[in-house]
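Novice: need the 3D shape of this:
(one chain, ligands or ions: 1)
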Amino acid sequence: MLLSGSVSPMTYSQFGVSCCIRRVASLSPFLPQPPLRYAVLGAGFAGLSVAWHLLKLSSEELKLNIDIYDEAGIGGGASGVSGGLLHPYSPKAKLLWQGAECWKECLKLLNVAETAVSSNQFNTGTGKSDMSFGNFIVRRRGILRPATNIKTLSIMNDNAQNCLASCRIDTIDNDAAQNLVPNLCVPFNLAYYMPEAVNVHPQRYLQALFLACQNLAKSAGKQFRLHRKCVHELLELEGEYDAVVVCLGAKVDMLPELAGKLPLRTCRGVIAHLELPDNIREDYPDYSPSILSDAWLAIQGNRSLYMGSTWEWKSRNSSPTVLEDEASMALHELLPKASAFFPGIKHWRFTGARAGLRAMPPLTPNGSLPILGCVNDLVGVNHSCKYWLFGGLGSRGLLYHGWLGKLTAIAVLSCNEDLIPYELTSWKNINKL
Ligand SMILES: Cc1cc2nc3c(=O)[nH]c(=O)nc-3n(C[C@H](O)[C@H](O)[C@H](O)COP(=O)(O)OP(=O)(O)OC[C@H]3O[C@@H](n4cnc5c(N)ncnc54)[C@H](O)[C@@H]3O)c2cc1C
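Specialist: From the prediction side, this is the model:
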């Protein structure tokens with residue numbers, strides 16, 4: 001049995017797990033078994049979620065070595081620069097596909113990360129972490145969405161009527177909205193407040209999730225290592241691993257074996273960091289939520305926020321560095337949008353910008369869904385290793401990474417792609433047409 005008992009029986013029966021890992025199954029129980037070796041490419045939301053679930057869901061007796069490769073280190077891609085806004089609703093669709101499951105699994109992972117940091121602080125005995133986690137990993141003040149046009153109004157009304165019990169949507173008027181965010185503009189006298197929605201500090205979260213992986217590997221006698229290294233082609237890893245899980249975000253197309261074969265589009269986004277200068281006395285209240293509208297404000301503290309985001313389709317530029325021209329164009333675009341609902345933004349000062357490249361998935365009858373599955377067919381058939389893909393997280397990486405990372409890990413551990421819902425693997429059939 002290679003999957004740990006920690007997966008609920010529901011999970012097994014739901015997907016009909018058949019444990020079929022080649023090497024282990026074929027070895028005599030009396031011989032010492034070599035460890036299974038997995039490589040996870042990419043240390044963003046996708047890669048770290050897969051790594052955590054591989055460690056968590058593999059059985060205690062399974063010897064497992066996981067190497068995670070990232071050319072830029074933890075959170076070096078889009079994940080590290082994301083706005084960190086998290087809720088289970090779509091601004092474009094009435095219901096997000098499997099939103100409840102995604103939301104539940106994502107919250108679990110956030111807890112895993114937070115617990116790792118607090119137990120690390122406890123264990124060092126100083127009450128302080130030896131890693132610099134700064135302030136919050138998860139800011140739990142909700143997200144407010146003022147209705148700005150008839151279309152979002154109607155979709156949000158639908159969402160509010162069908163909302164999850166674990167993430168309510170309260171429909172509120174101008175006064176209630178201004179109680180939450182002083183001086184907010186609410187054009188239709190209507191706003192949607194999601195009190196349980198959160199914003200995550202992506203870099204701190206990823207560092208904490210990495211720490212959780214390290215702790216779990218140590219306590220379970222498994223190996224987990226980060227290699228800060230660029231993987232130029234999958235062929236480099238051939239013979240080294242039983243499975244390779246590709247979680248390279250928008251740069252997955254740089255691998256020659258997959259280049260031009262995936263239905264992904266790229267889109268660069270710039271985020272600006274703003275602070276309130278010392279001479280402005282009235283700061284952003286501690287209780288106030290982040291705000292989502294034509295632009296969004298991800299609140300970092302009383303005097304610090306991120307404002308996003310731009311959408312530059314077809315860009316290939318994945319550099320987080322934003323030069324002066326690009327920053328000024330982004331401000332030119334975002335500031336009017338932000339001041340339409342939060343006029344107080346004019347007091348805030350620009351302190352810097354960063355950017356990331358999203359991997360946008362294809363549109364399906366279930367909305368834009370990430371693409372998962374075994375990609376040996378694309379890589380070429382004569383490989384001793386199994387290659388898996390978890391990509392195309394689009395602009396909802398946080399929401400998708402928990403559950404889909406778990407599904408990927410279950411499929412990898414069982415060598416069985418059928419354990420992944422068809423909606424996430426059907427892109428391969430379209431590709432064959
Ligand atoms: C401006 C912006 C704002 C966003 N805001 C939000 C938000 O508020 N909420 C939300 O849920 N999502 C948001 N997103 C989307 C989210 O960031 C992505 O969906 C998510 O980061 C994708 O995660 P990933 O792990 O697939 O890719 P990435 O985070 O890009 O990870 C891929 C990793 O692979 C590494 N890598 C790439 N090529 C190689 C190679 N050849 N060898 C070794 N390593 C390599 C990279 O360094 C990187 O660390 C935002 C995105 C952008 C750009």
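
Novice: I'd assumed Lys56 was in contact with Ile410.
Specialist: No - applying C-beta atoms under 8 Å as the test, Ile410 and Lys56 come out as separate, 10.5 Å apart. C-beta: built from backbone N, CA, C; applies to glycine.

Novice: now Phe390: phi and psi?
Specialist: The phi/psi pair for Phe390 (degrees, to the nearest 10) reads phi -130, psi 100.

Novice: report the contact partners of it.
Specialist: Phe390 makes contact with 46-47, 50, 245-247, 370, 372, 404-405, 408, according to C-beta atoms under 8 Å, 6 or more residues apart in numbering.

Novice: and Gly402, what are its phi and psi?
Specialist: phi -70, psi -60.

Novice: that should have said Ser318, apologies.
Specialist: Dihedral angles for Ser318 - degrees, to the nearest 10 - are phi -100, psi 10.

Novice: can you tell me the element the residue nearest to it when sequence neighbours are not counted falls in?
Specialist: Nearest residue to Ser318, sequence neighbours excluded (C-beta to C-beta, 6 or more residues apart in numbering): Leu357, at 4.0 Å. Assessed by DSSP states H and E, Leu357 sits inside strand 349-360.

Novice: can you list the buried residues in that strand?
Specialist: Neighbour-count burial for strand 349-360 flags 353-360 (criterion: 16 or more other C-beta atoms under 10 Å).

Novice: before we move on, what about stretch 265-276?
Specialist: If you call a residue buried by 16+ other C-beta under 10 Å, then stretch 265-276 has these buried ones: 266-276.

Novice: before we move on, what about stretch 308-325?
Specialist: So stretch 308-325, judged by 16+ other C-beta under 10 Å, has buried residues 308-310, 312, 315, 318, 320, 322.

Novice: before we move on, back to that, which of the buried residues of strand 349-360 are close to the ligand?
Specialist: Counting by C-beta under 6 Å from any ligand atom, 356, 358 from these sit close to the ligand.

Novice: for the buried residues of strand 349-360, give me CSV that also has pLDDT.
Specialist: Shown next, in CSV, are the buried residues of strand 349-360 (pLDDT from 0 to 100):
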residue, pLDDT
Ala353, 98
Arg354, 98
Ala355, 98
Gly356, 98
Leu357, 98
Arg358, 98
Ala359, 98
Met360, 97
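
Novice: residue contacts, the residue in the stretch 51-200 of the chain that the ligand sits nearest to?
Specialist: Using C-beta to the nearest ligand atom, Gly77 is the residue of the stretch 51-200 of the chain that sits closest to the ligand, at 2.4 Å. Neighbouring residues of Gly77 by C-beta under 8 Å, 6+ apart: 42, 44, 70, 248-251, 318, 356-357.

Novice: how about it, phi and psi?
Specialist: phi -110, psi -150.

Novice: pLDDT score for it?
Specialist: On the pLDDT scale, Gly77 is placed at 98.

Novice: quick one: it and Met254, what's the gap?
Specialist: To Met254, Gly77 is 12 Å away according to C-beta to C-beta, to the nearest Å.

Novice: now stretch 82-95 - C-alpha only, PDB.
Specialist: This file holds the C-alpha atoms of stretch 82-95, laid out as PDB (Å, rounded to 0.1, in the frame of the first residue of the first chain):
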ATOM      1  CA  SER A  82       0.800  37.200  -7.000                       C
ATOM      2  CA  GLY A  83      -1.700  39.500  -5.200                       C
ATOM      3  CA  GLY A  84      -2.600  36.600  -2.900                       C
ATOM      4  CA  LEU A  85      -6.400  37.300  -3.000                       C
ATOM      5  CA  LEU A  86      -8.300  34.100  -2.300                       C
ATOM      6  CA  HIS A  87     -12.100  33.300  -2.600                       C
ATOM      7  CA  PRO A  88     -13.900  30.500  -4.300                       C
ATOM      8  CA  TYR A  89     -16.000  32.600  -6.800                       C
ATOM      9  CA  SER A  90     -15.600  33.600 -10.400                       C
ATOM     10  CA  PRO A  91     -16.300  37.200 -11.500                       C
ATOM     11  CA  LYS A  92     -17.300  35.700 -14.900                       C
ATOM     12  CA  ALA A  93     -19.300  32.500 -14.100                       C
ATOM     13  CA  LYS A  94     -22.200  31.700 -11.900                       C
ATOM     14  CA  LEU A  95     -20.400  28.800 -10.300                       C
END
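
Novice: report the distance from that stretch to the chain centre.
Specialist: Its chain's average C-alpha position is 12 Å from that of stretch 82-95, according to C-alpha atoms, centre = their mean, to the nearest Å.

Novice: what residues does the stretch 1-150 of the chain put near the ligand?
Specialist: 41-47, 69-72, 76-79, 81-86.

Novice: in helices only, show me those residues.
Specialist: The helices, defined by DSSP state H, take in 45-47, 78-79, 81 from these.

Novice: related to what we said a few turns ago, quick check: neighbours shared by Gly77 and Met254?
Specialist: Going by C-beta under 8 Å, 6+ apart, residues that sit against Gly77 and also against Met254 are Leu248.

Novice: mind listing the helices for the stretch 101-250 of the chain?
Specialist: 150-161, 174-180, 202-220 (DSSP state H, counting those that start in this stretch).

Novice: ranking these by burial, who's on top?
Specialist: helix 202-220 (a mean of 21; mean count of other C-beta atoms under 10 Å).

Novice: before we move on, the earlier item: next, the angle helix 202-220 makes with the strand holding Leu357.
Specialist: Angle of strand 349-360 versus helix 202-220, following axes from the mean of the first three to the mean of the last three C-alpha atoms, to 10 degrees, is 60 degrees.

Novice: against which helices or strands is strand 349-360 packed?
Specialist: Packing partners of strand 349-360 (3 or more C-beta pairs under 8 Å, 6 or more residues apart in numbering; DSSP states H and E): helix 78-81, strand 265-275, helix 324-341.

Novice: what lines up beside the second one in the sheet?
Specialist: On the basis of DSSP bridges, the sheet neighbours of strand 265-275 come out as strand 304-308 (antiparallel), strand 312-313 (antiparallel), strand 349-360 (antiparallel).

Novice: let's have those in TSV, adding distance to Val181.
Specialist: Converted to TSV, the strands paired with strand 265-275 look like this (distance: least, C-beta to C-beta, whole Å):
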stretch	distance to Val181
strand 304-308	12
strand 312-313	29
strand 349-360	19
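
Novice: which one of the contacts of Gly77 is nearest to Ser118?
Specialist: Gly44 (23.4 Å; C-beta to C-beta).

Novice: what's the neighbour count on the nearest residue to the closest one once chain neighbours are set aside?
Specialist: Nearest in space to Gly44, with sequence neighbours left out and distances taken as C-beta to C-beta, 6+ apart, is Ser79 at 3.5 Å. The number of residues packed near Ser79 is 27, by other C-beta atoms under 10 Å.
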